[in-house]
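K.L.:
I'd like to go over a predicted model; first the sequence, then the structure.
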Amino acid sequence: MDFDDPLFRKIFFEVHSGLPREGPGDEASLRRALGLVSGLPPRPLILDVGCGPGLQTLDLARLTGGAVFGLDNHEPFLRDLRRRAEAAGLFRRIQAVKGDMNRLPFPLGSFDLIWSEGAAYQMGFTNALRSWRHYLKPRGWLAVTEAAWLKPGAPEPVRRCWEEYPDIKDIPAVLDDVASCGHYEVAGHFTLPEEAWWAHYYRPMEKRLAALREKYASDPKALNMLADHQREIDIYRQYSEYYGYEFIVCRCG
């Protein structure tokens, strides 16, 4: 991805703006992960790092009764989150914050739970875990998804698809990375189901791509960029048994 290219940035955000989610996930998986968390206070303080448009941010507020800070560095996503929070009657318990996940704009030891779906890789998985634990209260919780190989022998098209994230590992190696960070006790983990990739992410994206192909029908460079997004979807459709996201829930010791 070349975010220095103005056309690339324009196309990328046209593809992604207005999607329900900015990555794989669904409410059932969120509920399952939240079920691994115990001992939260009645009104926990929660941080959702890399929240995107915030569908899971709303779920966290609704299901925990807590105050949730959704952090992202893209203001249009945060505007989406604010609109959704207002429509859901949750605007008093959700705060959309523009900021950098590498330098969280909060005091250390602030949160009972830090949540992050599909975003930790931007810092490097272990860097994120080591950094974010300082923002947890004693015995606070971290719930995070990380890309992982589900079985060996991924075909070459899959390998090429993941060239931009060479740190992808199998699930035991991801859990070893958690252990290597120290201070975390894994309460449980599970692989996101395939439907969590489709319902709120890839299906809406395919509809958006179809509309954008019409819009940019006379622009070969833009069409090539749109084709790259479609190729990602097609690779998952054909080879989903080889890779996925692992939801890992752990407590800070």
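P.N.:
Looks like it came in fine.

K.L.:
Mind listing what's buried along the longest helix along the chain?
P.N.:
The single longest helix within the chain, with elements called by DSSP state H, is helix 220-239. Within helix 220-239, the residues scored as buried using 16 or more other Cβ atoms under 10 Å are 222, 225-226, 229, 233, 235-236. The C-beta positions use only the backbone N, C-alpha and C, and glycine is treated the same way.

K.L.:
in this structure, what spans have low per-residue confidence?
P.N.:
1-3 (pLDDT under 70).

K.L.:
can you give me the helices in it?
P.N.:
Using DSSP H, the helices of the chain run over 6-16, 27-34, 55-64, 75-87, 125-132, 156-161, 171-181, 195-197, 203-215, 220-239.

K.L.:
What is the fourth one packed up against?
P.N.:
In this structure, helix 75-87 makes packing contacts with helix 55-64, strand 67-72, strand 94-98, judged by 3 or more Cβ pairs under 8 Å, 6 or more residues apart in numbering; DSSP states H and E.

K.L.:
Show me what counts as buried in that helix.
P.N.:
For helix 75-87, the neighbour count (16+ other Cβ under 10 Å) marks 77-78, 80-82, 84-85 as buried.

K.L.:
cool, the fifth one as well?
P.N.:
For helix 125-132, the buried set under the neighbour-count rule, 16+ other Cβ under 10 Å, comprises 125-126, 128-132.

K.L.:
Can you show me the CA trace of it as CSV?
P.N.:
The C-alpha coordinates for helix 125-132 follow below in CSV (Å, rounded to 0.1, in the frame of the first residue of the first chain):
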residue,chain,number,x,y,z
PHE,A,125,1.7,-7.3,17.6
THR,A,126,4.2,-7.6,20.4
ASN,A,127,5.0,-3.9,20.4
ALA,A,128,1.3,-3.2,20.8
LEU,A,129,0.9,-5.6,23.7
ARG,A,130,4.0,-4.3,25.5
SER,A,131,2.9,-0.7,25.0
TRP,A,132,-0.8,-0.9,25.8
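
K.L.:
how far out from the middle of the chain is it?
P.N.:
15 Å (Cα atoms, centre = their mean, to the nearest Å).

K.L.:
swap in the third one?
P.N.:
Taking the mean C-alpha point of helix 55-64 and that of its whole chain, the gap between them comes to 14 Å (Cα atoms, centre = their mean).

K.L.:
Repeat that for the last one.
P.N.:
Here helix 220-239 is found 20 Å from its chain centre; the criterion is Cα atoms, centre = their mean.

K.L.:
Please save the CA atoms from that helix in PDB.
P.N.:
The C-alpha coordinates for helix 220-239 follow below in PDB (Å, rounded to 0.1, in the frame of the first residue of the first chain):
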ATOM      1  CA  PRO A 220      -7.100   2.500 -15.600                       C
ATOM      2  CA  LYS A 221      -4.900   3.300 -12.600                       C
ATOM      3  CA  ALA A 222      -7.900   3.600 -10.300                       C
ATOM      4  CA  LEU A 223      -9.400   0.400 -11.800                       C
ATOM      5  CA  ASN A 224      -6.100  -1.400 -11.000                       C
ATOM      6  CA  MET A 225      -6.300  -0.200  -7.400                       C
ATOM      7  CA  LEU A 226      -9.900  -1.400  -7.200                       C
ATOM      8  CA  ALA A 227      -8.900  -4.700  -8.600                       C
ATOM      9  CA  ASP A 228      -6.300  -5.100  -5.800                       C
ATOM     10  CA  HIS A 229      -9.100  -4.800  -3.300                       C
ATOM     11  CA  GLN A 230     -11.300  -7.300  -5.200                       C
ATOM     12  CA  ARG A 231      -8.300  -9.700  -5.400                       C
ATOM     13  CA  GLU A 232      -8.000  -9.700  -1.600                       C
ATOM     14  CA  ILE A 233     -11.600 -10.700  -1.300                       C
ATOM     15  CA  ASP A 234     -11.300 -13.400  -3.900                       C
ATOM     16  CA  ILE A 235      -8.200 -14.900  -2.200                       C
ATOM     17  CA  TYR A 236     -10.200 -15.200   1.000                       C
ATOM     18  CA  ARG A 237     -13.200 -16.700  -0.800                       C
ATOM     19  CA  GLN A 238     -10.900 -19.400  -2.300                       C
ATOM     20  CA  TYR A 239      -8.400 -20.000   0.500                       C
END
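
K.L.:
Sounds good, over and out.
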